[in-house]
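K.L.:
Following is a predicted model, sequence given first.
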Amino acid sequence: MALGSDGLIHTVVERPGEQSQTLYYHRVSGSETRSINGEWEGEIWIEYDPIENGFNVSSIGSSKPVTVKFDGKRWPSKEPRQDPDSVQFIRIDDSSFYDIKYKGDVVTDILRHSISSDGNELRVEILNPKSGNSRTLLHSRRSAEAQSGAAAVAGDTGLQRFAGTWKEDTSKTVWPVDPESTLSYRQNSDGSLTQTSASGTYKRDSTIWLDGKSHVVKNTTWVDGKLDEDKDDPGLTNTWIEKGPSAWEQKAFRDGKLLLVRVREIGPDNRTLTETETEYSQNGTSSQSITVYQRTTNTTAFLGTWKPISARDVTPDVMEISFDGDGTLNWHEFALDYRFSAKFDGKDYPVTGPAVNPKLRETLMKIDDHAWEDIVKDGEKPSQVRIWRLSPDGNAISFTNVDLTSSTPLATSAVYNRSVMQRKAE
């Protein structure tokens with residue numbers, strides 16, 4: 001749906017292999033600048049009635065309103081003759097949200113709804129996780145400035161105010177916990193163990209040898225019950241050792257260089273498992289996070305199944321953003337030496353770094369002069385959708401990330417503050 005400069009709502013219905021259809025709605029009531037609340041009239045009458053943390057949607061032909069709640073839960077779909085059987089709504093901020101559609105446990109489409117700062121434009125962009133395609137379903141009105149950000153950009157993108165050094169405020173970071181995620185261990189007859197990481201229809205088995213020796217990482221992955229081609233990477237190795245009866249230490253290396261150290265330790269109650277992970281970059285920096293698991297099976301030591309109950313950053317992330325004269329954004333995350341350079345043209349750009357998957361790609365799209373979106377892809381398949389929004393004073397960035405690799409997409413939020421030496425005076 002689009003709130004156009006002509007005072008109409010523009011709705012585009014698009015289905016694979018079918019011609020797009022545009023519907024027009026005139027506002028009957030309601031006058032909030034950056035809201036679709038109120039009554040609308042076009043081919044059908046429709047009304048958006050605000051409620052706590054959501055709204056009710058009524059239309060001619062519906063027996064009762066459809067409730068939309070920004071609670072992260074999956075709601076049964078009320079869309080007749082359409083593929084999704086459930087939907088999930090995740091709020092980004094007061095003027096934008098995600099609408100995630102499911103068929104069973106499979107995500108079929110992810111729609112991002114966003115209203116422009118002047119309230120004259122609402123864009124709905126759709127991302128198909130299976131194909132990796134991303135396209136704009138509707139764009140009611142495009143100013144010259146917005147058009148320059150959507151095409152290959154030359155010169156000023158309007159986003160140069162993001163340039164600078166930014167540090168994460170870990171007290172404001174919200175890490176969600178995947179309710180379907182599990183971690184389990186079982187003993188094998190040859191003395192090794194199998195570690196299984198699972199979430200919904202995804203499962204990965206990894207072989208562990210607690211002998212302190214270096215072993216090439218061997219993983220077997222299933223997606224939707226089908227074996228996924230997962231080739232061994234001879235440059236990626238692990239060593240595992242026991243640090244007592246209730247603690248294991250894992251070290252991961254790529255081509256002999258240390259990537260991470262992960263210590264998992266069982267608490268005195270034998271019911272909780274704390275994982276402390278430290279990742280290292282080749283520039284000498286590191287970052288640390290902590291995840292706590294709870295045992296779900298009546299087993300001892302590490303054997304059995306564990307579910308995550310909390311996660312948090314310990315070390316604040318620091319990133320640097322700069323722009324070239326042609327509008328190219330240069331990105332550097334110090335902790336993992338994660339780097340890329342990309343334009344806001346919707347094309348894929350490579351990512352570099354010692355711990356980075358060589359198939360990783362970044363795709364950037366401008367939202368407005370204070371916000372942009374990037375899609376992280378593993379090859380052709382999107383794995384994350386991220387929104388970066390600058391505060392009015394230019395001294396803070398709010399960040400929302402939706403992880404698409406879990407069966408239920410999870411939203412992480414964080415705040416980055418501008419370096420004190422670079423703070424804006426406005």
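P.N.:
Arrived safely, thanks for sending.

K.L.:
is Trp222 in a bridge, and if so with what?
P.N.:
Lys203, Leu227 (DSSP bridges).

K.L.:
residues touching it, list them.
P.N.:
Listed by CB atoms under 8 Å, 6 or more residues apart in numbering, the contact set of Trp222 reads 201-204, 228. Yep, even glycine has a C-beta here, placed from its N, CA and C like the rest.

K.L.:
List only buried entries from those.
P.N.:
202-204 (16 or more other CB atoms under 10 Å).

K.L.:
Surely Glu333 touches Val318?
P.N.:
Yes. Using CB atoms under 8 Å, Glu333 is in contact with Val318, at 7.5 Å.

K.L.:
coming back round to it: distance to Gly304 and pLDDT added to the buried ones among the contacts of Trp222, as a markdown table?
P.N.:
Shown next, in a markdown table, are the buried ones among the contacts of Trp222 (distance: CB to CB, whole Å; pLDDT from 0 to 100):
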| residue | distance to Gly304 | pLDDT |
| --- | --- | --- |
| Tyr202 | 20 | 82 |
| Lys203 | 16 | 89 |
| Arg204 | 18 | 91 |
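
K.L.:
Looking at these, which one is closest to Asp169?
P.N.:
Asp169 has its nearest neighbour among the buried ones among the contacts of Trp222 in Tyr202, at 31.5 Å by CB to CB.

K.L.:
Find the nearest non-adjacent residue to that closest one, please.
P.N.:
Leaving aside its chain neighbours, Tyr202 sits nearest to Val223 (5.7 Å; criterion: CB to CB, 6 or more residues apart in numbering).

K.L.:
And for the one you found, the neighbour number?
P.N.:
Each residue near Val223 was counted by other CB atoms under 10 Å, and the total is 14.

K.L.:
Tyr293: what's it in contact with?
P.N.:
Contacts of Tyr293 (CB under 8 Å, 6+ apart): 183, 272-275, 306-309.

K.L.:
same thing but 6 Å
P.N.:
Residues near Tyr293 by CB atoms under 6 Å, 6 or more residues apart in numbering: 273, 306, 308.

K.L.:
and the helix or strand hosting Leu260, what does it pack onto?
P.N.:
Assigned by DSSP states H and E, Leu260 belongs to strand 257-266. Contacts defined by 3 or more CB pairs under 6 Å, 6 or more residues apart in numbering; DSSP states H and E place strand 257-266 against strand 247-254, strand 272-280.

K.L.:
In TSV: those strands, plus mean neighbour count.
P.N.:
Output for the helices and strands packed on strand 257-266, formatted as TSV (neighbours: other CB atoms under 10 Å):
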stretch	mean neighbour count
strand 247-254	18
strand 272-280	18
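
K.L.:
Which of those sits closest to Arg361?
P.N.:
Proximity to Arg361 (CB to CB) singles out strand 247-254 among the helices and strands packed on strand 257-266, at 19.3 Å.

K.L.:
ok, residues contacting that closest one?
P.N.:
235-241, 243, 259-265.

K.L.:
Identify the bridge partners of Glu68.
P.N.:
Careful, residue 68 is Val; it's not Glu. For Val68, the beta-bridge partners under DSSP bridges are Phe55.

K.L.:
what number of residues lie near it?
P.N.:
Neighbour number of Val68 under other CB under 10 Å is 18.

K.L.:
got it, and Pro268?
P.N.:
Neighbour tally, Pro268, other CB under 10 Å: 7.

K.L.:
Then Pro179?
P.N.:
Neighbour tally, Pro179, other CB under 10 Å: 14.

K.L.:
so where's the stretch 51-200 of the chain uncertain?
P.N.:
Within the stretch 51-200 of the chain, the set of residues satisfying pLDDT under 70 comprises 59-64, 72, 78-84, 93-95, 105, 114-124, 127-157.

K.L.:
for it, what spans make up the helices?
P.N.:
Under the criterion DSSP state H, counting those that start in this stretch, helices of the stretch 51-200 of the chain are mapped to 144-150.

K.L.:
Quick one: buried ones out of the contacts of strand 247-254?
P.N.:
Buried, going by 16+ other CB under 10 Å: 236-240, 259-262, 264, out of the contacts of strand 247-254.

K.L.:
Minimum pLDDT in those residues, which residue is that?
P.N.:
Lowest-confidence member of those: Leu236, scoring 86 (pLDDT).

K.L.:
Quick check: pLDDT value at the closest residue to that residue other than its chain neighbours.
P.N.:
With CB to CB, 6+ apart as the criterion, Leu236 has its nearest non-adjacent residue at 4.7 Å, and that residue is Val217. pLDDT recorded at Val217 is 86.
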